[in-house]
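> after the sequence you'll find the predicted model.
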Amino acid sequence: MISVCLATFNGEKYIQEQLDSILNQLGLGDEIIVSDDGSSDQTLEIISAYEDPRIHVFKNHERKGIVGNFENAMKNCKGDYIFLSDQDDVWLPQKVEISLEALIENDLVVTNCSVVDENLAIIFPSYFEIANSRKGFLKNFYRSSYLGCCLAFNRKLLNIVLPIPASLNLFHDWWIGFLADTSFKTIFIETSCLLYRRHNLNVSTTTEKSNQKINKRIFDRFQLLYLGLYRLLKRN
């Protein structure tokens with residue numbers, strides 16, 4: 001069973017296009033878990049109009065932010081294979097098929113994506129190329145290659161990921177990638193499986209350089225190291 005964990009917040013402009021691209025690749029027994037962080041636009045009405053039993057909506061009673069919103073979706077999913085999804089991208093037709101095949105022998109799959117503008121015109125054909133994405137503990141400890149919307153993983157990894165530490169100062173995808181790099185089998189697939197939309201409404205600044213002060217960056221990474229190793233040791 002596949003669970004697509006989709007975090008929404010005022011996403012009315014693109015949510016239908018994204019849902020259509022996902023539903024076309026899912027079976028009748030799969031699910032989309034929507035966690036909504038208090039949308040005040042037509043996002044929830046658009047989703048409800050599908051009347052698709054595979055879509056399950058969970059509304060946050062108070063704002064959780066990006067990390068908490070995705071965590072809420074993951075907590076409520078039931079699938080063996082978990083895909084993360086933003087509200088404004090478009091999945092290419094082979095995304096699920098390619099990811100599932102790779103998950104036979106791997107715990108975490110990271111597929112490439114093409115960076116596009118709000119009208120889906122390609123800006124960069126390969127996100128991997130501009131972000132120098134690849135696996136490896138030291139590389140991803142310094143700067144993460146794990147873009148959330150490109151991740152698919154099994155429940156074995158999810159059980160370690162949750163709960164996400166409340167004190168973590170980094171995004172959920174960095175946390176997932178860090179845990180996978182230390183104790184699980186990860187694969188990066190060069191095939192672009194997603195149109196990664198960049199526009200002035202995006203919350204994430206993944207393709208931009210950090211303007212954080214060096215001491216803040218050092219603190220965040222060693223906090224990640226401490227929290228991640230503590231979680232892995234606790235598991236054992």
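Arrived safely, thanks for sending.
> so for the helix or strand where Y230 lies, what gets flagged as buried?
Using DSSP states H and E, Y230 sits within helix 214-235. For helix 214-235, burial by neighbour count (16 or more other C-beta atoms under 10 Å) applies to 220-221, 224, 227-228, 231. Yep, even glycine has a C-beta here, placed from its N, CA and C like the rest.
> could you do stretch 154-162 as well?
Going by neighbour count (16+ other C-beta under 10 Å), the buried part of stretch 154-162 is 154-155, 157-158, 160-161.
> and if you look at stretch 53-63?
Buried, per 16+ other C-beta under 10 Å, within stretch 53-63: 54-57, 60.
> gap between the two ends of it?
End-to-end distance for stretch 53-63, by C-alpha to C-alpha, to the nearest Å: 26 Å.
> can you tell me what sits against it?
Applying C-beta atoms under 8 Å, 6 or more residues apart in numbering, the contact partners of stretch 53-63 are 19, 23, 26, 28, 30-38, 44, 47-48, 68-69, 72-73, 76.
> which of these count as buried?
By neighbour count, with 16+ other C-beta under 10 Å, these hold 19, 23, 26, 30-37, 44, 47, 68-69, 72-73, 76 as buried.
> OK, contacts around the residue nearest to the spatial centre of the chain?
The centroid of the chain falls nearest to G148 when counting by C-alpha atoms, centre = their mean (2.6 Å). Counting by C-beta under 8 Å, 6+ apart, G148 makes contact with 70, 84, 86, 171-173, 176.
> repeat that for 6 Å
Taking C-beta atoms under 6 Å, 6 or more residues apart in numbering, we find G148 in contact with 84, 173.
> could you name the specific helix or strand carrying L28?
Assessed by DSSP H and E, L28 sits outside every helix and strand.
> for Y14, give its distance to N132.
Y14 is 28 Å from N132, where distance means C-beta to C-beta, to the nearest Å.
> quick one, which of these two is more surrounded?
Ranked by neighbour count (other C-beta atoms under 10 Å), Y14 and N132 place Y14 first, with 19 against 9.
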